[in-house]
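Participant: Sharing a model prediction with you, sequence too.
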Amino acid sequence: MLFAEWRLIFTGPADGYVNMAIDEATLVLVGEQRVPPTVRIYHWDALCYTLGYLQDTSNWAPTVQSGEVMCVRRLTGGQACLHGGDLSYSLIVSMTDTLIPSNVLASYERISAGVIEGLRLLGIDARYAPPTEVQADGRIIATAAQARRQGVLLHQGTISLGSHEVEKAPVLPCRTLTPLSDVMGGEIDINDVAKALGMGFRRALGVDLSRSVLFAKEKRLARQLLRGKYMRPEWTFARQ
Amino acid sequence: MVEYAKDRRYLATHEWVKLEGDEAVAGISDYAQHELSDVVYVELPEVGDTFAQGETFAVVESVKAASDVYMPMSGEILAVNEELEDSPQLVNEGPFGAGWFVRFRPSKPEQYEALMDAEAYEKHCQEEAEKGG
């Protein structure tokens, strides 16, 4: 099956295990051409560290395994990232799709253009900060990571909105982002940012992004991956 | 300047394989390491593992991209390049030499002839670059 359109999905808040399981389910089904290329926008209902796919966490194993804070390993590379006060997105597309460059850095720039366009719709003068970040007012407000698996590109990115929740979390070494609330001088509604981000991708990628939902087969696979992989310590802590 | 070594064959997904008697050596191409930029980690299989052609046998992580590496021919892993654990930059410095990934025993040697030679692979890379690399 070939898909002329891309899909835009808002899945709202979920925990780290669920969010990572959904991304892999979509990746698998995009690879099998059973769902269209997808942009999913979501957030987090609990504080959660996501760990890079090949990241060695042995130096802080006692902390992350104590259960004090949720940790889940991503499919994407890079370093640990603390989620909670942020809005995240995943762009999942076959690597044969001509819309996204095959070169890693060029693809980051192309996809970051969607984030930048979305932020500009909110009145924020954002710029691409190579290789993987977006900045505003000289401060890093968004970051991203990629995986290229089964012939599919998974690009996961996140934009920090507010710092109040994150400040309560135990501190592990991870990328610190400046919240949008600091840049804008006040709190910002997460739904407004989500809508702007969707519009930003639509404009910057020049693609017909149709509002959609997760398919039943996608939810089924995500549930299997949730129980069989992402909730299991063997997945998250095996690389120590 | 990207190098396309003529003494081996290639997959469209940028892995190379070189036959050495009954054995074969595999890695990723010079074009691939340029595309990925600085390699920071390589996850390799275990000796004795067997893979079918096209199966993922390794993962290479570069500037924040973890990428599958696909088996160019079916076979059993005989040795892995342990140097890559401490020196993943060897993949960038010598993708056709010191940056090799695995040595394996092909179970279907006839698969080699169906792979792209250097000339066909170079053309494939040029088309991919024109696509928007």
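Facilitator: The structure has been received and is ready for your questions.
Participant: all helices for the chain, in order.
Facilitator: The chain I'm using is chain A. Assignment of helices within chain A using DSSP state H yields the ranges A:16-31, A:61-65, A:104-121, A:180-184, A:190-205, A:216-225, A:233-237.
Participant: hm, I was asking about chain B
Facilitator: Taking DSSP H as the criterion, chain B carries its helices at B:30-36, B:83-86, B:90-93, B:118-132.
Participant: Compare the helices of chain A and give me the one nearest chain B.
Facilitator: Taking Cβ to the nearest Cβ, helix A:104-121 is the member of the helices of chain A nearest to chain B, at 4.8 Å. All C-beta atoms are positioned from the backbone trio N, CA, C, and that covers glycine.
Participant: could you give the mean pLDDT of that closest one?
Facilitator: The predicted model gives helix A:104-121 an average pLDDT of 95.
Participant: Report the distance from that helix to the chain centre.
Facilitator: Between the mean C-alpha location of helix A:104-121 and the chain-wide mean there is a distance of 13 Å, by Cα atoms, centre = their mean, to the nearest Å.
Participant: looking at the helices of chain B, which is buried most?
Facilitator: When you average the neighbours per residue for each of these (mean count of other Cβ atoms under 10 Å in any protein chain shown), helix B:30-36 leads with a mean of 23.
Participant: So what would you say the end-to-end distance of stretch A:45-52 is?
Facilitator: The first and final residues of stretch A:45-52 sit 20 Å from each other (Cα to Cα, to the nearest Å).
Participant: Determine whether any part of stretch A:81-89 lies close to chain B.
Facilitator: No. If you take Cβ under 8 Å from any Cβ of the partner chain as the test, stretch A:81-89 misses chain B, and the best it gets is 10.9 Å.
Participant: Please tell me how far that stretch is from the chain's geometric centre.
Facilitator: In terms of Cα atoms, centre = their mean, the centre of stretch A:81-89 is set 8 Å apart from its chain centre.
Participant: Near chain A, which residues of chain B? Just list them.
Facilitator: By Cβ under 8 Å from any Cβ, the part of chain B that sits against chain A consists of B:13, B:35-37, B:40-41, B:43, B:56, B:59, B:61-68, B:128, B:131-133.
Participant: Pull out the buried residues from the residues you listed.
Facilitator: Buried members of the residues of chain B next to chain A, scored by 16 or more other Cβ atoms under 10 Å in any protein chain shown, are B:13, B:35-37, B:40-41, B:43, B:59, B:61-68, B:128, B:133.
Participant: Restricted to strands, list those.
Facilitator: B:41, B:43, B:59, B:61, B:65, B:66, B:67, B:68 (DSSP state E).
Participant: could you list every residue that touches the fourth one?
Facilitator: With contacts defined as Cβ atoms under 8 Å, 6 or more residues apart in numbering or on different chains, residue B:61 is in contact with A:52, A:53, A:54, A:77, B:39, B:40, B:41, B:42, B:43, B:67.
Participant: What's opposite it in the beta bridge?
Facilitator: Per DSSP bridges, the residues bridged to residue B:61 are residue B:41, residue B:66.
Participant: give me the low-pLDDT residue ranges for chain B?
Facilitator: Within chain B, the segments meeting pLDDT under 70 span B:64, B:131-133.
Participant: What of chain A?
Facilitator: In chain A, residues with pLDDT under 70: A:1-4, A:65, A:163-171, A:239-240.
Participant: Which strand residues bridge the most centrally placed residue in it?
Facilitator: In chain A, the centroid-proximal residue (Cα atoms, centre = their mean) is residue A:156; its distance is 3.2 Å. Each beta-bridge partner of residue A:156 is listed here: residue A:90, residue A:145, as defined by DSSP bridges.
Participant: That one and residue A:143 touch, don't they?
Facilitator: No. In this structure, residue A:156 is not within contact of residue A:143 by Cβ atoms under 8 Å, at 9.5 Å.
Participant: Ok, which of the helices of chain A comes nearest residue A:5?
Facilitator: Shortest separation from residue A:5 across the helices of chain A is recorded for helix A:190-205, at 11.1 Å, computed as Cβ to Cβ.
Participant: Return the set of buried residues in stretch B:13-28.
Facilitator: Neighbour counts over stretch B:13-28 (16+ other Cβ under 10 Å) mark B:13, B:14, B:15, B:16, B:17, B:18, B:24, B:25, B:26, B:27, B:28 as buried.
Participant: if I look at the third one, how far off is chain A?
Facilitator: Taking Cβ to the nearest Cβ, to the nearest Å as the measure, residue B:15 falls 13 Å from chain A.
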